[in-house]
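A.B. asks: Quick check, what structure comes out for this input:
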Amino acid sequence: MAAARKTPDQIRLGKAVRHVRSQVGMTQEQLANKIDMHATYISDIERGARNPSWAAIARLARGMGVGVAEIASAYDRRAK
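C.D. replies: A predicted model of the protein is given here:
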């Protein structure tokens, strides 16, 4: 079975999540443990291999101690 195609939006969102996570000084493992999410899922999001739900994005933001707007802002900055 072929891997699902990564969309530009998924790749951009993944880069935004990785940027914010790095800015707050957390590893994928630390974030995963804090929000009870598997580190592999976070890695998949950051690589653009997953298309997370709004609930998952909100959960990631809470775990990093930021608002969803912080992730959205990082997403928008990657468009330029």
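A.B. asks: so which helix or strand takes in the residue nearest the centre of the chain?
C.D. replies: Residue closest to the average C-alpha location in the chain (C-alpha atoms, centre = their mean): Val17, at 3.4 Å. Per DSSP states H and E, Val17 falls inside helix 8-23.
A.B. asks: Show residues contacting that helix.
C.D. replies: If you take C-beta atoms under 8 Å, 6 or more residues apart in numbering as the criterion, helix 8-23 is touched by 28, 31, 42, 45-52, 57, 60-61, 64, 66, 70-72, 74-75, 77-79. (C-beta placed from N, C-alpha, C; glycine too.)
A.B. asks: from the chain's centre, how far out does the helix or strand that it is followed by sit?
C.D. replies: Reading on from helix 8-23 to the C-terminus, the next helix or strand found by DSSP H and E is helix 28-35. How far helix 28-35 lies from its chain's middle: 12 Å, per C-alpha atoms, centre = their mean, to the nearest Å.
A.B. asks: and the angle for helix 28-35 with helix 8-23?
C.D. replies: Counting by axes from the mean of the first three to the mean of the last three C-alpha atoms, to 10 degrees, helix 28-35 points 90 degrees away from the direction of helix 8-23.
A.B. asks: Which positions within stretch 61-71 qualify as buried?
C.D. replies: Across stretch 61-71, burial judged by 16 or more other C-beta atoms under 10 Å covers Ala61, Gly63, Met64, Val66, Glu70, Ile71.
A.B. asks: Just give me the neighbour total for Thr40.
C.D. replies: For Thr40, the count of nearby residues is 12 (other C-beta atoms under 10 Å).
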